[in-house]
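Novice: okay, sequence plus prediction incoming.
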Amino acid sequence: MLRKRKVFELVDCPRDQKVIKNRWVFDVKSDGHKKAHLVAKGFSQVEGLDFDQVFSPVMHFETMRLMLALATLENWYITGLNIRSAYLYDKLDEEIYMEQPKEFAVPGQEHKVLHLWCALYGLKQAGLAWWRTLNESLKELGFECLKSEAGIFFYKKKGTNIVIGIIYIDNALFCGHNKAVVDAMKVQFMCKWECRDLGEPNEFLRMQITRKGRTIHLDQCTYLQKVVECCGMLNAKSTSTPLPAGYYAAKNTEPVDADLCSHFQMVIGSLLYIMLYTRPNIAFAVTHLSRHAANPSQDHLNKVLYICRYLIGTSTYSLVYNGGSGAGLIACMDSDWGSDPTSHLSQTGFYLKLADGLISWTSRVQKTIAYSSTEAEYMALSDCACQVTWIRSLLGELGYKLKAIPICSDNQGSIFMASNPVTEPHSKHIDICYHGIHESVAKGKVELFFIDGAENPANLLTKNLPHEKFVKFRAQLGLQFPSGSI
């Protein structure tokens, strides 16, 4: 593949030129396909000599879910591709030399090195080079990159239906109303990039996609099974909630235990991946414990394994988008004032829902101390409005004209503060960035509604709830589970 793409040229090593080493990385995809990548050890590159800019935009998780929810509402046709060795198409501006792979050194020329003409996995600038090449090739096909989201490309010409490209490095989905138009654009893309045609996708970014009529189910059952096996918990007893009711993770004051820390970080990292993609019901538990990743205690490790036990009992859950519901975009938020007894910081939680399923969710600690529950709710409301405004802008670029998007809050004081641009004595110290919600309300981008605190599903993102309340709110997140599950 490297020779076919003319990625390198075998040359004598120039004098005083730094040579980068490499290694092989092997992977087995969930569908059984085996992959081998020659990866450059880019950590040895020197900024200013071997590379300059390294930033490369990628698609956000919530954007992918937003597009799938839209696909159910609009009844779009969806088809997938896997781009083979995506980085090998990208030309390098810098002069980079790399050692020959030990197992594939040319006999009699072992002293020579590879002069890289194209990017290689592991190089600092490889991601940026890939992005530039991808953007240019899609422009030639008539696609435009959205300003609100770098991983979404939009194609529309007079007399044709729209085609949307969803691309995350070597994974791509194309969707639209007209199957013939979508397939035609996919074929043109495959002429520029060597791809494996996946047809109707059943997996994307290690998430299983199941389409049943006007519904799409997302789950990570296969990945979850691997995590459980890695943790040695195949026969563990399941639990009914992610954490014991009322549990608080206190800071560990003991010296760092390297082995314990490594084990904790491996498990919490896997749980973060699951939470960010398909499981909003463990968002509070995972983010609460992830704060202690630098110096976890044995109690912290026991509790992340407790989350694993909860996932064992709910392994068949899936996030479902129901296009037949016709449900539009709605947001809901909450905060827990001064919930951290050590820092006295409050907890923010909010979600956005479309087609009866969550497309975006957040559970995090606020950056500054709130002097009242109203202030904590106001700052959470502002953060939620920012996310809603971004989603609104993205949909606007796709041609959707939206009315004010409803945001539900269970605090009348915060709704009043957001709806009336006045500076009260007790709120003048709040960071100015949170006051942007005034503009969103004034311009009709969002509309605020009151919801009873006992009926607010966003409670699940801010508090460690007892079983009865947890199950009640979980059922409203768009998670579908077989009858008899915990």
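Specialist: Received the coordinates, thanks. Residues are numbered from 1 along each chain as shown.
Novice: return the residues in contact with Ala293.
Specialist: 261, 264-265, 268 (C-beta atoms under 8 Å, 6 or more residues apart in numbering). In short, each C-beta sits where N, CA and C put it, glycine included.
Novice: one more time with 6 Å
Specialist: Counting by C-beta atoms under 6 Å, 6 or more residues apart in numbering, Ala293 touches 265, 268.
Novice: state the distance from it to Asp299.
Specialist: Distance of Ala293 to Asp299, computed by C-beta to C-beta, to the nearest Å: 14 Å.
Novice: contact partners for Cys408?
Specialist: Here Cys408 is in contact with 332, 449, 451 (criterion: C-beta under 6 Å, 6+ apart).
Novice: are any of those residues buried, and which?
Specialist: Neighbour counting over these (16 or more other C-beta atoms under 10 Å) leaves 332, 451 as the buried ones.
Novice: using a markdown table, lay out the contacts of Cys408 together with distance to Pro280.
Specialist: Conversion of the contacts of Cys408 to a markdown table gives the following (distance: C-beta to C-beta, whole Å):
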| residue | distance to Pro280 |
| --- | --- |
| Cys332 | 12 |
| Phe449 | 21 |
| Ile451 | 18 |
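Novice: so Phe449 is in which element?
Specialist: Element membership for Phe449, per DSSP states H and E: strand 446-450.
Novice: tell me what that strand is packed against?
Specialist: strand 405-409 (3 or more C-beta pairs under 6 Å, 6 or more residues apart in numbering; DSSP states H and E).
Novice: all strands of the stretch 51-200 of the chain, in order?
Specialist: In the stretch 51-200 of the chain, the strands defined using DSSP state E, counting those that start in this stretch lie at 77-83, 91-98, 113-118, 144-145, 152-155, 163-168, 171-176, 195-199.
Novice: in CSV: these, plus mean pLDDT.
Specialist: Shown next, in CSV, are the strands of the stretch 51-200 of the chain (pLDDT from 0 to 100):
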stretch, mean pLDDT
strand 77-83, 93
strand 91-98, 87
strand 113-118, 89
strand 144-145, 93
strand 152-155, 94
strand 163-168, 94
strand 171-176, 94
strand 195-199, 91
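Novice: what comes up buried for stretch 97-111?
Specialist: Going by neighbour count (16+ other C-beta under 10 Å), the buried part of stretch 97-111 is 97-100.
Novice: show me how far that stretch is from its chain's centre.
Specialist: Relative to its parent chain, stretch 97-111 has a centroid offset of 39 Å by C-alpha atoms, centre = their mean, to the nearest Å.
Novice: again with stretch 294-312
Specialist: 22 Å.
Novice: likewise for stretch 227-247?
Specialist: 23 Å.
Novice: give me the contact list for it.
Specialist: 270, 282, 285, 307-310, 312-313, 464, 466-467, 470, 486.
Novice: which of those count as buried?
Specialist: Looks like those have 270, 282, 285, 307-310, 312-313, 464, 470 buried, using 16+ other C-beta under 10 Å.
Novice: and Asp27, how many neighbours does it have?
Specialist: When neighbours are defined as other C-beta atoms under 10 Å, Asp27 has 9 of them.
Novice: what about it, which SS state?
Specialist: strand (DSSP: H, G, I helix; E, B strand; the rest coil).
Novice: quick one: secondary structure of the residue nearest to it when sequence neighbours are not counted?
Specialist: Spatial nearest neighbour of Asp27, chain neighbours left out: Lys35 (4.7 Å); criterion: C-beta to C-beta, 6 or more residues apart in numbering. At Lys35 the chain is in strand, as set by three-state DSSP.
Novice: for Gln100, see how far away Lys35 is.
Specialist: Look at Lys35 and Gln100: by C-beta to C-beta, they are 21 Å apart.
Novice: for the residue nearest to His292 when sequence neighbours are not counted, grab the count of nearby residues.
Specialist: What sits nearest to His292 in space, not counting adjacent residues and going by C-beta to C-beta, 6+ apart, is His300, at 5.0 Å. Residues lying near His300 (other C-beta under 10 Å) number 23.
Novice: His300 and Arg5: what is the separation?
Specialist: 46 Å.
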